[in-house]
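In: Next comes the sequence, and after it the predicted model I'd like to discuss.
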Amino acid sequence: MSRAGHDLKVTVEADGGARGNPGPAGWGAVVREAATGEILLERSDAIGVATNNVAEYQGLIAGLQAAADLGATEVDVLMDSQLVVQQMSGRWKIKHPGLRPLAAQAAALVRRFRAVTWTWVPRERNRDADRLANEAMDDAARRG
């Protein structure tokens, strides 16, 4: 972890989606410096054919990995997926067997940070990650 005085608190904005469910899918993730809102990293990827929920989890995993790569110690996760936010915060059970390994991968990343908070936000407050996810879905559709 970081030395005292060098703690990095970030906000991870993540999104994912599919055109059709399942359909051409992609995700986007943005990591911001929490105090200033400055974008530190943006990542996105087309993942072929998948469901919305799989794409959402992949965006979350990428955002958490990016935060870890930057050396963050505290993370505020903002997503417009109520399912992912409620499942990762422990309020909802993960019933779909296909999501369990993704949730486990995200949980393993969460353990690398001192603190993680989970916040559901409306899509309008998740614009950058939504834009990246849509660009990735466009890529997936072109490749498909």
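Out: Alright, I've got the coordinates.
In: Give me the buried positions along the host helix or strand of residue 135.
Out: Element membership for residue 135, per DSSP states H and E: helix 127-143. Of all the residues in helix 127-143, those buried under the rule 16 or more other CB atoms under 10 Å are 128, 129, 130, 132, 133, 134, 136, 137, 139, 140, 141. (Glycine included, C-beta is placed from N, CA and C.)
In: again with stretch 7-25
Out: 8-19, 23-25.
In: so how far is the helix holding residue 135 from its chain's centroid?
Out: Relative to the centre of its chain, helix 127-143 is centred 14 Å away, using CA atoms, centre = their mean, to the nearest Å.
In: mean confidence score for that helix?
Out: Averaged across helix 127-143, pLDDT comes to 96.
In: And the contacts of that helix?
Out: 13-19, 24-30, 39, 42-49, 55, 59, 63, 79-80, 123 (CB atoms under 8 Å, 6 or more residues apart in numbering).
In: Next step: the residues you listed restricted to helices.
Out: 55, 59, 63 (DSSP state H).
In: Return the residues in contact with the closest residue to residue 102 other than its chain neighbours.
Out: With CB to CB, 6 or more residues apart in numbering as the criterion, residue 102 has its nearest non-adjacent residue at 3.8 Å, and that residue is residue 57. Neighbouring residues of residue 57 by CB under 8 Å, 6+ apart: 16, 84, 99, 102, 103, 106.
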